[in-house]
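Enquirer: please find the sequence and the predicted model below.
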Amino acid sequence: MTSPAPVPLSIEPILDHVSDFVFVLHADDEGDYRCITANQRCLDMVEMTREDVVGRRLRDIAPPEVLPLLLDGIADVLRRDEPVRF
């Protein structure tokens, strides 16, 4: 498994001031999406700290009722190769 590169610390304070849910993922060699970072709004939703989520698989972090929506949204982003709101 390849480890995602850490996000520079300077970006996290910016992300934390975004009102939308923001998470940065890395597609690993096993086909899983691993969290590189997430903003405070996401962390509040999953009731975890940034340290708890960095490096973990999306399916181990996201609430089960939200995971299909996230995976569909990610697939849509990759298929369109442009920003998508979901």
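Expert: Nice, I can see it.
Enquirer: which non-adjacent residue is nearest the residue most central in space within the chain?
Expert: Closest residue to the average C-alpha location of the chain: Phe23 at 3.2 Å, with CA atoms, centre = their mean. Nearest residue to Phe23, sequence neighbours excluded (CB to CB, 6 or more residues apart in numbering): Ala38, at 4.2 Å. Placement of C-beta: from N, CA and C, glycine included.
Enquirer: quick one on the thing from earlier: surely the residue nearest to the centre of the chain touches Arg41?
Expert: No. In this structure Phe23 lies outside contact range of Arg41 using CB atoms under 8 Å: 9.7 Å.
Enquirer: so which bits of the helix or strand of the chain with the lowest mean pLDDT are buried?
Expert: Within the chain, no helix or strand scores below helix 11-15, which has a mean of 87 by mean pLDDT, DSSP states H and E. Within helix 11-15, the residues that count as buried by 16 or more other CB atoms under 10 Å are Leu15.
Enquirer: helices and strands around that helix, which ones?
Expert: strand 33-38 (3 or more CB pairs under 8 Å, 6 or more residues apart in numbering; DSSP states H and E).
Enquirer: restricting to C-alpha, output the strand it packs on in CSV.
Expert: Extracted C-alpha coordinates of strand 33-38, given in CSV (Å, rounded to 0.1, in the frame of the first residue of the first chain):
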residue,chain,number,x,y,z
TYR,A,33,-9.8,5.8,-0.8
ARG,A,34,-7.6,7.0,2.1
CYS,A,35,-8.1,10.3,3.8
ILE,A,36,-5.2,12.8,3.6
THR,A,37,-7.1,15.4,5.5
ALA,A,38,-10.6,16.7,6.2
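Enquirer: residue ranges with poor pLDDT in the protein?
Expert: Confidence mapping of the chain against pLDDT under 70 gives the ranges 1-9, 86.
Enquirer: all strands for it, in order.
Expert: 23-27, 33-38 (DSSP state E).
Enquirer: other residues contacting the longest one?
Expert: In other words, strand 33-38. Here strand 33-38 makes contact (CB atoms under 8 Å, 6 or more residues apart in numbering) with 4-7, 11-12, 15, 21-28, 50, 53-59, 61, 74.
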